[in-house]
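> how does the following fold in three dimensions:
(one chain, ligands or ions: 3)
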Amino acid sequence: MDLLFKGGTIVTATGSFEADLAVDKEKIVAIGKNLDIKADKSVDVSGKLILPGAIDAHTHMQMPFGGTVSADSYLSGSRAAVCGGVTTIFDYPVQHKGESILGLINSKKEICENDACSDYAFHCCITDLNGGAILDEMEEAVKEGITSFKCFLVYKKEGMMVDDGMLATLLLRAKELGAMINVHAENPDLIDLRTANYLKEGKTSAWYHYMSRPEFVEAEADKRVVHWASHLKTPVYIVHMADKEGLMACIKAKSEGEEIYVETCPQYLEFTSDVYKREDGRNFVCSPPMKGEESREAIWNAIKAGFIDTVATDHCPFQSYEKDWGKDDFTKIPNGCAGVENLYPYMLDAANRGVISFERAVELCSTNPAKIFGCKNKGAIEVGKDADIVIYDKEKDFKVSVSNMHSDYDHTIWEGKELHGYPIQTYLRGNLVYDNGEFVGKPGMGKFVKRERR
Ligand code: URP
Ligand code: ZN
Ligand code: ZN
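Ligands and ions are numbered 1, 2, ... in the order given. Purely as a prediction, here's the structure:
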């Protein structure tokens, strides 16, 4: 036996109990009270929680975007991930027009084979059907374990936008293949119209990033996606939900039995659009933007009531000098913020303060993303699963600062955030990769997660 954890409290999505846990050959092999097993290494975790590693279902590593490339490479982003208790990241490679998606995925896999410090999977962003060839390539991709694809309903001038006809085509094709379509829902034409008007009026501060894409701009697209998916009878996963009206439409459709999954992000739970009035407001520019307090409250309520399925980060940091490009023009601010190292600590802090249960935090950050996206060996502390394990100290206080993060960015929207309770160790398939503040893994340890069709 390789490893034995003695005396901890195991947390699953459905309950918590005291037990020992044994790991052999990267898998959880036994769970029980007072296990009488000899192991090469025994770890006393009495008084601590034993949690499944989180799955961050939404990251953008070294992504060309906004006139630059996001600040975390696959190496630094996945290093930061494990230091925050995330043992699997999902990345979003973006197809250039005319490009093969199989070629794109393979090029990303090659980078990750050398660089990844966590396990990794891909949702592939489709921007061009290449005359229909991509519909065939999707079948190959699914066979290779890429069982989800993304449509951006925005980013028209960046050449990434998918129109309604293509969205419908992809929803139907994904259903045929047992795959899923993930959607970034905002209305591109309303954004363009409002942006042009604000610029004409000389209204150029970060506040107008929010004003150009407020609640109803996101809600229109959320409702459109729900409409298409409900009538075409296809599953759909709406990423980074940030507005109340769109969320309510999803909740209604879910209650009527439609297969609609909703993801939100910690930034929409913590901040409101007021951040865009701050001197450093441009650092918070992401799309969709943070909304008003009514939306923030509605998202928390939906989390508590079970209507949000996952919490992921949309990790896409940029350096300060890049954010500064938009000091005098919000349209020049690269969109995106950091978060991969903050996801699990943030949601577990909410559990530690009694806002949600630890079981719900585990469900949102690990068990549900594993189930929804077909990661059969991940997402739970169970015999037979990968030994992706986080040891959590409920008493450890932690203040987030760029200096104690493990990414390559130079600032974070989470600066100064105080958390009660923090992960003290992360094991990736039984290998210790994070130990009390230090990354102790190695680039290249991460493995590709081949997923199953639905
Ligand atoms: O602002 C964001 N969210 N940047 C990353 C790309 C996206 O829309 O998810
Ligand atoms: Zn997006
Ligand atoms: Zn994103």
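> residue ranges with poor pLDDT in the protein?
For the chain, no stretch has pLDDT under 70.
> tell me where the stretch 101-250 of the chain has helices.
101-115, 133-143, 164-177, 188-200, 207-212, 215-232, 244-255 (DSSP state H, counting those that start in this stretch).
> make sure I have this right: Y346 is in a helix.
Yes. Assigned with DSSP: H, G, I helix; E, B strand; the rest coil, Y346 falls within a helix.
> how near is it to D329?
Taking Cβ to Cβ, to the nearest Å as the measure, Y346 falls 31 Å from D329. Every C-beta, even on glycine, is put in place using the N, C-alpha and C of the backbone.
> to ligand 1, which of the helices of the stretch 101-250 of the chain lies closest?
helix 207-212 (9.9 Å; Cβ to the nearest ligand atom).
> ok, now which ones touch C286?
By Cβ atoms under 8 Å, 6 or more residues apart in numbering, the contact list for C286 reads Q267, D314, C316, N335, G336, C337.
> closest one to A54 among the helices of the stretch 101-250 of the chain?
helix 101-115 (18.1 Å; Cβ to Cβ).
> who are the packing partners of that closest one?
Packing partners of helix 101-115 (3 or more Cβ pairs under 8 Å, 6 or more residues apart in numbering; DSSP states H and E): helix 74-83, strand 119-122, strand 124-125, helix 133-143.
> mind putting these into TSV with distance to P288 and mean neighbour count?
Listed next are these as TSV, based on distance: least, Cβ to Cβ, whole Å; neighbours: other Cβ atoms under 10 Å:
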stretch	distance to P288	mean neighbour count
helix 74-83	21	29
strand 119-122	22	26
strand 124-125	17	22
helix 133-143	26	18
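> secondary structure element for H406?
Following DSSP states H and E, there is no helix or strand that holds H406.
> which SS state does the residue of the chain most remote from its centre fall under?
In the chain, the greatest distance from the average C-alpha position (Cα atoms, centre = their mean) is reached by D36, at 38.4 Å. Under the three-state scheme (three-state DSSP), D36 adopts coil.
> for it, give its distance to M1.
11 Å.
> so M1 sits against A39, correct?
Yes. Counting by Cβ atoms under 8 Å, M1 does reach A39; the two are 4.0 Å apart.
> are there residues contacting both of these two? Which ones?
Listed as contacting both M1 and A39 by Cβ under 8 Å, 6+ apart are A22, V23.
> quick one: residues contacting the residue of the stretch 1-150 of the chain at minimum distance from ligand 1.
Proximity of the stretch 1-150 of the chain to ligand 1 (Cβ to the nearest ligand atom) peaks at H60, 5.1 Å away. Residues near H60 by Cβ under 8 Å, 6+ apart: S70, D91, Y92, D314, H315, C316, G336.
> and the chain, which of its residues are near ligand 1?
The chain has residues H60, H184, C286, S287, D314, C316, N335, G336 near ligand 1, with proximity defined as Cβ under 6 Å from any ligand atom.
> try 5 Å this time
By Cβ under 5 Å from any ligand atom, the residues of the chain that approach ligand 1 are C286, S287, D314, C316, N335, G336.
> let me have those residues in TSV, adding secondary structure as columns.
Below are those laid out as TSV (three-state DSSP):
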residue	secondary structure
C286	coil
S287	coil
D314	coil
C316	coil
N335	coil
G336	coil
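> from these, list just the buried residues.
C286, S287, D314, C316, N335, G336 (16 or more other Cβ atoms under 10 Å).
> list the contacts of the fourth one.
Read it as C316. So, once contact is read as Cβ under 8 Å, 6+ apart, C316 ends up touching T59, H60, M63, F65, S70, C286, N335, G336, C337.
> rerun that using 6 Å as the cut-off
Residues near C316 by Cβ atoms under 6 Å, 6 or more residues apart in numbering: H60, S70, G336.
> okay, G354 and V383: tell me how far apart.
To V383, G354 is 31 Å away according to Cβ to Cβ.
> no wait, N301
36 Å.
> tell me the most buried of the helices of the stretch 101-250 of the chain?
With neighbours taken as mean count of other Cβ atoms under 10 Å, those reach their highest mean count in helix 207-212, at a mean of 22.
> what helices or strands is it leaning on?
Applying 3 or more Cβ pairs under 6 Å, 6 or more residues apart in numbering; DSSP states H and E, one finds that helix 207-212 makes contact with helix 188-200.
> how far off centre is the helix it packs on?
29 Å (Cα atoms, centre = their mean, to the nearest Å).
> what's the neighbour count on D44?
Neighbourhood size, D44 [other Cβ atoms under 10 Å]: 11.
> ok, now E415?
Other residues close to E415 by other Cβ under 10 Å number 15.
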